[in-house]
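**Student:** Show me how the following folds:
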Amino acid sequence: MSIDSAASIEIMFIPGVVWGAGQKEMVLNQLITLLPQSPYSPGADSVERFFLACCTVEKSENERNLIALAHAGDGRLCGFAQFRFYGSDSDLDFILVDAQHRGKGYARLLLNDSFEKLRSEGVSRVVLEVSTQNSAAHALYQSFGFSELAVRKKYYRNGEDAVIMEKRI
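**Tutor:** Predicted coordinates:
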């Protein structure tokens with residue numbers, strides 16, 4: 001299944017958004033609502049801190065942060081990706097697409113647009129961890145040309161191992 005050509009999707013990057021009254025809080029609430037849909041999601045407090053830091057800090061000399069938000073045609077948040085980067089290296093901390101929108105290409109759009117944005121910021125390599133049990137995510141990353149570097153034993157809270165993967169962008 002793919003994204004309907006009549007449907008629209010907007011990718012927004014934070015930092016870079018000028019917020020209207022109440023908009024930042026609404027988006028944060030939508031982000032937090034998505035988190036329980038994945039057993040690999042970070043905690044709500046962690047995502048809130050990251051989101052608010054992205055909203056208030058344009059650039060620092062050390063770590064920089066980026067959130068990509070995917071909005072469906074109805075304006076609702078349907079997915080997001082969270083990146084940290086330092087110089088030419090970036091970590092993809094997390095990507096999540098709403099269950100109703102999975103399998104339609106939203107993760108692919110999020111990654112494509114995010115890689116383009118990261119390249120414009122001087123990033124040339126993305127590293128991530130993915131559960132050895134998350135075959136859909138693993139297949140997505142492989143389709144993007146990520147290669148496996150190593151395995152981290154019992155990396156996730158549930159005891160699952162993680163594969164460390166990297167891609168040159």
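
**Student:** Burial check on residue 71, number of neighbours?
**Tutor:** With neighbours defined by other CB atoms under 10 Å, the count for residue 71 comes to 18. (Glycine included, C-beta is placed from N, CA and C.)

**Student:** again, but for the one 3 residues further on
**Tutor:** Using other CB under 10 Å, residue 74 has 8 other residues around it.

**Student:** Please compute how far the longest helix seen in the chain lies from its chain's middle.
**Tutor:** Identified as the longest helix of the chain according to DSSP state H is helix 106-120. With CA atoms, centre = their mean, to the nearest Å as the basis, helix 106-120 stands 9 Å off its chain's centre.

**Student:** Please list all residues in contact with residue 97.
**Tutor:** Contact partners of residue 97, counting by CB atoms under 8 Å, 6 or more residues apart in numbering, are 70, 78, 79, 106, 107, 110.

**Student:** For it, give me phi and psi.
**Tutor:** Taking degrees, to the nearest 10, you get phi -120, psi 140 for the backbone angles of residue 97.

**Student:** Could you check how far residue 55 is from residue 159?
**Tutor:** Plainly put, residue 55 is 34 Å away from residue 159 if you go by CB to CB, to the nearest Å.

**Student:** and what of residue 41?
**Tutor:** As for residue 41, its distance to residue 159 is 16 Å (criterion: CB to CB).

**Student:** which one of those two has more residues nearby?
**Tutor:** Neighbours were counted for residue 41 and for residue 159 using other CB under 10 Å; residue 41 has more, 15 against 8.

**Student:** Tell me the spacing between residue 10 and residue 76.
**Tutor:** 11 Å.

**Student:** Kindly apply the preceding question to residue 92 instead.
**Tutor:** Residue 92 is 23 Å from residue 76, by CB to CB.

**Student:** In terms of neighbours, single out the busier of those two.
**Tutor:** Taking neighbours as other CB under 10 Å, residue 92 and residue 76 compare with residue 92 leading, 24 against 13.

**Student:** Check the secondary structure at the more buried one for me.
**Tutor:** Following DSSP: H, G, I helix; E, B strand; the rest coil, the label given to residue 92 is strand.

**Student:** Many thanks, I have nothing further to ask.
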